[in-house]
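S.K.: 3D model of this:
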Amino acid sequence: MEKAIAKADSLIEAMEYIRQFRGRIVVVKLGGSVLDEQCLRGKLLTDVAFMYTVGIWPVIVHGGGKAITRAMEKAGLETTWVQGRRYTDQRTLNLVEHTLVNEVNAPICKALDELGCQAMGLHSLSSCALFAEPLRLSGENGRKIDLGFVGQVNDVNSELLKTLCSTGTIPVIASVASDKKGGKLNVNADSAAGKVAAAVAAEKLVVVSDTHGIRSDVNDSDSTISSANEQQIKKMIDDGIITSGMMPKVESCLTAIEGGVKKAHIIDGRIPHSLLLEIYTDKGIGTQIIR
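M.R.: Numbers count the residues shown, from 1 in each chain. Next comes the predicted model:
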(Lines give C-alpha, C1' and ligand atoms only; values in the text may rest on other atoms or scores of the structure.)
Protein backbone atom coordinates (compact mmCIF):
# COMPACT_ATOMS: atom_id res chain seq x y z
CA MET A 1 0.00 0.00 0.00
CA GLU A 2 2.80 2.45 0.89
CA LYS A 3 4.44 1.88 -2.50
CA ALA A 4 1.14 2.50 -4.28
CA ILE A 5 0.61 5.73 -2.33
CA ALA A 6 4.15 6.86 -3.16
CA LYS A 7 3.44 6.24 -6.85
CA ALA A 8 0.24 8.28 -6.62
CA ASP A 9 2.10 11.11 -4.89
CA SER A 10 4.66 11.10 -7.72
CA LEU A 11 1.90 11.33 -10.30
CA ILE A 12 0.33 14.27 -8.48
CA GLU A 13 3.72 16.02 -8.35
CA ALA A 14 4.16 15.43 -12.07
CA MET A 15 0.66 16.67 -12.97
CA GLU A 16 1.50 20.38 -12.83
CA TYR A 17 4.61 19.86 -14.94
CA ILE A 18 2.60 17.86 -17.48
CA ARG A 19 0.14 20.73 -17.74
CA GLN A 20 2.95 23.28 -18.01
CA PHE A 21 4.85 21.51 -20.79
CA ARG A 22 1.97 20.12 -22.84
CA GLY A 23 2.36 21.32 -26.43
CA ARG A 24 5.87 22.64 -25.75
CA ILE A 25 9.07 21.50 -27.44
CA VAL A 26 11.77 19.84 -25.34
CA VAL A 27 15.06 19.12 -27.10
CA VAL A 28 16.84 16.00 -25.83
CA LYS A 29 20.48 15.47 -26.77
CA LEU A 30 21.58 11.84 -26.46
CA GLY A 31 25.24 10.87 -26.25
CA GLY A 32 27.88 8.71 -24.59
CA SER A 33 27.07 5.20 -23.40
CA VAL A 34 23.38 6.14 -23.45
CA LEU A 35 23.63 5.56 -27.20
CA ASP A 36 26.18 2.78 -27.01
CA GLU A 37 24.36 0.43 -24.63
CA GLN A 38 21.07 -0.90 -25.99
CA CYS A 39 19.53 -1.35 -22.56
CA LEU A 40 20.28 2.23 -21.46
CA ARG A 41 19.11 3.62 -24.79
CA GLY A 42 15.86 1.66 -24.54
CA LYS A 43 15.11 3.03 -21.06
CA LEU A 44 15.81 6.62 -22.13
CA LEU A 45 13.63 6.27 -25.21
CA THR A 46 10.85 4.86 -23.02
CA ASP A 47 11.05 8.11 -21.04
CA VAL A 48 10.87 10.05 -24.31
CA ALA A 49 7.81 8.02 -25.29
CA PHE A 50 6.19 8.93 -21.96
CA MET A 51 6.84 12.62 -22.65
CA TYR A 52 5.30 12.21 -26.10
CA THR A 53 2.27 10.40 -24.65
CA VAL A 54 1.46 13.17 -22.15
CA GLY A 55 1.66 15.90 -24.79
CA ILE A 56 5.25 17.15 -24.78
CA TRP A 57 6.83 17.57 -28.20
CA PRO A 58 10.29 15.93 -28.02
CA VAL A 59 13.05 16.64 -30.52
CA ILE A 60 16.05 14.31 -30.32
CA VAL A 61 19.56 15.27 -31.39
CA HIS A 62 22.28 12.62 -31.28
CA GLY A 63 25.93 12.04 -32.02
CA GLY A 64 27.64 8.69 -32.07
CA GLY A 65 31.32 9.18 -31.33
CA LYS A 66 31.96 5.74 -29.86
CA ALA A 67 30.19 3.95 -32.72
CA ILE A 68 32.18 6.03 -35.23
CA THR A 69 35.47 5.17 -33.51
CA ARG A 70 34.61 1.45 -33.63
CA ALA A 71 33.65 1.69 -37.28
CA MET A 72 36.90 3.46 -38.12
CA GLU A 73 38.95 0.83 -36.30
CA LYS A 74 37.10 -1.91 -38.17
CA ALA A 75 37.80 -0.16 -41.48
CA GLY A 76 41.46 0.26 -40.58
CA LEU A 77 41.23 4.05 -40.38
CA GLU A 78 43.22 5.91 -37.75
CA THR A 79 41.48 8.75 -35.93
CA THR A 80 43.37 12.05 -35.99
CA TRP A 81 42.41 14.51 -33.27
CA VAL A 82 42.97 18.25 -33.60
CA GLN A 83 42.29 20.28 -30.46
CA GLY A 84 39.85 17.63 -29.29
CA ARG A 85 38.01 17.37 -32.61
CA ARG A 86 38.08 14.50 -35.10
CA TYR A 87 39.79 15.43 -38.37
CA THR A 88 37.39 14.38 -41.13
CA ASP A 89 38.57 13.60 -44.65
CA GLN A 90 36.17 12.37 -47.36
CA ARG A 91 36.54 8.69 -46.48
CA THR A 92 36.00 9.42 -42.79
CA LEU A 93 32.97 11.58 -43.58
CA ASN A 94 31.40 8.76 -45.60
CA LEU A 95 31.92 6.38 -42.68
CA VAL A 96 30.63 8.93 -40.14
CA GLU A 97 27.49 9.47 -42.22
CA HIS A 98 26.86 5.73 -42.66
CA THR A 99 27.36 5.07 -38.94
CA LEU A 100 25.22 7.93 -37.67
CA VAL A 101 22.37 7.26 -40.09
CA ASN A 102 22.23 3.46 -40.16
CA GLU A 103 23.67 2.35 -36.82
CA VAL A 104 22.39 5.14 -34.54
CA ASN A 105 19.55 7.13 -36.09
CA ALA A 106 17.59 4.26 -37.64
CA PRO A 107 17.54 2.12 -34.44
CA ILE A 108 16.36 5.13 -32.40
CA CYS A 109 13.47 5.73 -34.81
CA LYS A 110 12.61 2.02 -34.85
CA ALA A 111 12.58 1.83 -31.04
CA LEU A 112 10.32 4.88 -30.77
CA ASP A 113 7.95 3.44 -33.36
CA GLU A 114 7.78 0.21 -31.33
CA LEU A 115 6.93 2.30 -28.25
CA GLY A 116 3.89 3.72 -30.02
CA CYS A 117 5.43 6.98 -31.21
CA GLN A 118 5.83 8.30 -34.71
CA ALA A 119 9.47 9.21 -35.37
CA MET A 120 11.28 10.60 -38.40
CA GLY A 121 15.02 10.53 -38.96
CA LEU A 122 16.45 13.83 -40.19
CA HIS A 123 19.93 13.59 -41.64
CA SER A 124 22.06 14.04 -44.73
CA LEU A 125 20.48 11.07 -46.52
CA SER A 126 16.91 12.31 -46.08
CA SER A 127 15.50 15.68 -45.07
CA CYS A 128 18.31 17.61 -43.40
CA ALA A 129 17.50 20.03 -40.58
CA LEU A 130 21.04 21.25 -39.91
CA PHE A 131 23.06 23.64 -42.06
CA ALA A 132 26.68 24.49 -41.36
CA GLU A 133 29.80 26.29 -42.51
CA PRO A 134 33.32 24.83 -42.40
CA LEU A 135 34.96 25.10 -38.99
CA ARG A 136 38.49 26.47 -38.80
CA LEU A 137 40.28 26.51 -35.46
CA SER A 138 42.74 29.17 -34.37
CA GLY A 139 46.37 28.10 -34.26
CA GLU A 140 49.65 29.79 -33.50
CA ASN A 141 50.33 33.24 -34.97
CA GLY A 142 46.70 33.58 -36.00
CA ARG A 143 46.97 30.65 -38.40
CA LYS A 144 43.71 28.84 -39.15
CA ILE A 145 43.70 25.07 -38.67
CA ASP A 146 41.81 23.02 -41.25
CA LEU A 147 39.70 20.14 -39.91
CA GLY A 148 38.58 18.78 -43.25
CA PHE A 149 34.83 18.19 -43.56
CA VAL A 150 34.00 19.50 -40.08
CA GLY A 151 31.47 22.26 -39.64
CA GLN A 152 29.68 24.45 -37.16
CA VAL A 153 25.91 24.80 -37.36
CA ASN A 154 24.83 28.25 -38.50
CA ASP A 155 21.20 27.56 -39.43
CA VAL A 156 18.41 25.16 -38.50
CA ASN A 157 15.25 24.32 -40.45
CA SER A 158 13.07 25.27 -37.50
CA GLU A 159 9.87 25.34 -39.55
CA LEU A 160 10.30 21.70 -40.52
CA LEU A 161 10.93 20.71 -36.90
CA LYS A 162 7.94 22.67 -35.60
CA THR A 163 5.68 21.23 -38.29
CA LEU A 164 6.71 17.66 -37.49
CA CYS A 165 6.17 18.24 -33.76
CA SER A 166 2.75 19.79 -34.25
CA THR A 167 1.63 16.82 -36.35
CA GLY A 168 2.69 14.26 -33.75
CA THR A 169 6.08 13.24 -35.12
CA ILE A 170 9.32 13.10 -33.13
CA PRO A 171 12.23 14.51 -35.18
CA VAL A 172 15.42 12.48 -34.64
CA ILE A 173 18.37 14.54 -35.86
CA ALA A 174 21.79 13.07 -36.66
CA SER A 175 24.81 15.35 -36.37
CA VAL A 176 25.65 15.61 -40.07
CA ALA A 177 24.82 18.95 -41.70
CA SER A 178 24.54 20.36 -45.21
CA ASP A 179 26.64 23.29 -46.35
CA LYS A 180 25.56 26.07 -48.70
CA LYS A 181 27.05 24.23 -51.70
CA GLY A 182 25.07 21.06 -51.01
CA GLY A 183 28.01 19.25 -49.46
CA LYS A 184 28.08 17.53 -46.08
CA LEU A 185 29.86 18.41 -42.86
CA ASN A 186 30.41 16.51 -39.64
CA VAL A 187 29.21 18.68 -36.74
CA ASN A 188 29.44 18.41 -32.96
CA ALA A 189 26.17 17.00 -31.59
CA ASP A 190 26.28 19.04 -28.36
CA SER A 191 26.72 22.28 -30.29
CA ALA A 192 23.99 21.27 -32.73
CA ALA A 193 21.54 20.56 -29.90
CA GLY A 194 22.01 24.05 -28.44
CA LYS A 195 21.40 25.61 -31.86
CA VAL A 196 18.30 23.46 -32.43
CA ALA A 197 16.84 24.34 -29.03
CA ALA A 198 17.31 28.05 -29.67
CA ALA A 199 15.93 27.86 -33.23
CA VAL A 200 12.67 26.16 -32.23
CA ALA A 201 12.22 28.26 -29.06
CA ALA A 202 12.23 25.11 -26.96
CA GLU A 203 10.93 25.11 -23.42
CA LYS A 204 13.96 23.10 -22.34
CA LEU A 205 17.18 21.54 -23.57
CA VAL A 206 18.19 18.35 -21.77
CA VAL A 207 21.71 17.04 -22.43
CA VAL A 208 21.75 13.33 -21.54
CA SER A 209 25.04 11.47 -21.39
CA ASP A 210 27.12 9.14 -19.24
CA THR A 211 28.39 11.92 -17.03
CA HIS A 212 27.08 13.58 -13.89
CA GLY A 213 25.82 17.14 -13.76
CA ILE A 214 28.18 19.96 -12.87
CA ARG A 215 30.06 19.44 -9.60
CA SER A 216 31.82 22.07 -7.51
CA ASP A 217 34.40 19.34 -6.85
CA VAL A 218 34.74 16.93 -9.74
CA ASN A 219 35.88 14.15 -7.39
CA ASP A 220 33.01 14.58 -4.90
CA SER A 221 29.77 12.90 -5.99
CA ASP A 222 27.88 14.86 -3.34
CA SER A 223 28.90 18.25 -4.75
CA THR A 224 26.53 18.28 -7.75
CA ILE A 225 25.20 21.78 -8.35
CA SER A 226 21.43 21.57 -8.69
CA SER A 227 20.91 24.96 -10.32
CA ALA A 228 23.05 27.82 -11.64
CA ASN A 229 22.52 30.88 -13.81
CA GLU A 230 24.58 32.04 -16.78
CA GLN A 231 26.80 34.32 -14.73
CA GLN A 232 27.56 31.60 -12.19
CA ILE A 233 28.38 29.13 -14.98
CA LYS A 234 30.75 31.57 -16.67
CA LYS A 235 32.50 32.20 -13.34
CA MET A 236 32.92 28.44 -12.85
CA ILE A 237 34.51 28.27 -16.30
CA ASP A 238 36.88 31.10 -15.41
CA ASP A 239 37.69 29.47 -12.05
CA GLY A 240 38.49 26.14 -13.72
CA ILE A 241 35.64 24.25 -12.03
CA ILE A 242 34.14 23.42 -15.42
CA THR A 243 36.86 21.79 -17.52
CA SER A 244 37.25 20.36 -21.02
CA GLY A 245 35.18 17.19 -20.53
CA MET A 246 32.09 19.11 -19.45
CA MET A 247 32.71 22.19 -21.61
CA PRO A 248 30.89 21.13 -24.84
CA LYS A 249 27.75 20.30 -22.86
CA VAL A 250 27.87 23.56 -20.91
CA GLU A 251 28.48 25.59 -24.07
CA SER A 252 25.49 23.87 -25.68
CA CYS A 253 23.32 24.86 -22.71
CA LEU A 254 24.57 28.47 -22.83
CA THR A 255 23.83 28.64 -26.57
CA ALA A 256 20.27 27.51 -25.87
CA ILE A 257 19.77 29.92 -22.95
CA GLU A 258 21.21 32.87 -24.86
CA GLY A 259 18.86 31.94 -27.72
CA GLY A 260 15.80 32.27 -25.49
CA VAL A 261 15.36 28.76 -24.05
CA LYS A 262 14.14 29.04 -20.45
CA LYS A 263 16.12 26.20 -18.90
CA ALA A 264 18.84 23.76 -19.92
CA HIS A 265 19.80 20.62 -18.04
CA ILE A 266 22.77 18.25 -17.89
CA ILE A 267 21.91 14.81 -16.56
CA ASP A 268 23.35 11.32 -16.20
CA GLY A 269 21.39 8.96 -18.44
CA ARG A 270 22.68 5.92 -16.55
CA ILE A 271 20.38 6.78 -13.65
CA PRO A 272 16.96 5.11 -14.13
CA HIS A 273 14.33 7.58 -15.39
CA SER A 274 16.75 10.50 -15.02
CA LEU A 275 15.01 12.32 -17.88
CA LEU A 276 11.60 12.13 -16.24
CA LEU A 277 13.00 12.95 -12.79
CA GLU A 278 14.66 16.09 -14.12
CA ILE A 279 11.56 17.32 -15.94
CA TYR A 280 8.70 16.17 -13.74
CA THR A 281 9.94 16.55 -10.17
CA ASP A 282 10.69 19.56 -8.00
CA LYS A 283 14.22 18.49 -7.04
CA GLY A 284 15.48 17.07 -10.32
CA ILE A 285 18.55 14.88 -10.61
CA GLY A 286 21.21 16.83 -12.54
CA THR A 287 22.22 20.45 -13.06
CA GLN A 288 19.81 22.99 -14.48
CA ILE A 289 21.10 26.19 -16.05
CA ILE A 290 18.83 29.22 -16.12
CA ARG A 291 19.06 32.77 -17.42
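
S.K.: hey, let's count contacts and neighbours off CA atoms from now on
M.R.: Will do.

S.K.: So residue 194 sits against residue 255, correct?
M.R.: Yes: counting by Cα atoms under 8 Å, residue 194 does reach residue 255; the two are 5.3 Å apart.

S.K.: Those two: who's more crowded?
M.R.: Using other Cα atoms under 10 Å, the more surrounded residue of residue 194 and residue 255 is residue 194, with 32 against 21.

S.K.: in this protein, which spans are helices?
M.R.: 2-21, 33-36, 38-53, 65-74, 90-98, 106-114, 158-166, 189-199, 230-238, 247-258, 274-280 (DSSP state H).

S.K.: most neighbours per residue, which of those?
M.R.: Mean neighbours per residue, mean count of other Cα atoms under 10 Å, is largest over these for helix 189-199, with a mean of 27.

S.K.: List the residues that contact the nearest residue to residue 191 once chain neighbours are set aside.
M.R.: Distance criterion Cα to Cα, 6 or more residues apart in numbering; nearest residue to residue 191, sequence neighbours excluded, is residue 252 at 5.0 Å. Residues counted as contacts of residue 252 (Cα atoms under 8 Å, 6 or more residues apart in numbering) are 190-195.

S.K.: Distance from the chain centre to stretch 31-48, please.
M.R.: Per Cα atoms, centre = their mean, to the nearest Å, the displacement of stretch 31-48 from the mean C-alpha position of its chain is 12 Å.

S.K.: Repeat that for stretch 118-138.
M.R.: Distance of stretch 118-138 from the chain centroid (Cα atoms, centre = their mean) equals 14 Å.

S.K.: Buried residues, that stretch. List them.
M.R.: Neighbour counts over stretch 118-138 (16 or more other Cα atoms under 10 Å) mark 118-124, 128-135 as buried.

S.K.: just stretch 213-230 next, same as before
M.R.: Buried residues in stretch 213-230, counting neighbours by 16+ other Cα under 10 Å, are found at 213-216, 224-228, 230.

S.K.: possible to save those residues as JSON lines with distance to residue 97 and pLDDT?
M.R.: Converted to JSON lines, the buried residues of stretch 213-230 look like this (distance: Cα to Cα, whole Å; pLDDT from 0 to 100):
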{"residue": "213", "distance to residue 97": "30", "pLDDT": "86"}
{"residue": "214", "distance to residue 97": "31", "pLDDT": "91"}
{"residue": "215", "distance to residue 97": "34", "pLDDT": "89"}
{"residue": "216", "distance to residue 97": "37", "pLDDT": "87"}
{"residue": "224", "distance to residue 97": "36", "pLDDT": "87"}
{"residue": "225", "distance to residue 97": "36", "pLDDT": "92"}
{"residue": "226", "distance to residue 97": "36", "pLDDT": "90"}
{"residue": "227", "distance to residue 97": "36", "pLDDT": "92"}
{"residue": "228", "distance to residue 97": "36", "pLDDT": "93"}
{"residue": "230", "distance to residue 97": "34", "pLDDT": "93"}
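
S.K.: still on that earlier bit, would you mind listing the two of the contacts of residue 252 that lie farthest apart?
M.R.: Pairwise distances among the contacts of residue 252 were taken by Cα to Cα; the largest, 8.9 Å, belongs to 190 and 195.

S.K.: got a list of what residue 5 touches?
M.R.: Counting by Cα under 8 Å, 6+ apart, residue 5 makes contact with nothing.

S.K.: pretty sure residue 249 is touching residue 190, no?
M.R.: Yes: in this structure residue 249 lies within contact range of residue 190 using Cα under 8 Å: 5.8 Å.

S.K.: Now for those two: what residues contact both?
M.R.: Overlap of the contact sets of residue 249 and residue 190 (by Cα under 8 Å, 6+ apart) consists of residue 207.
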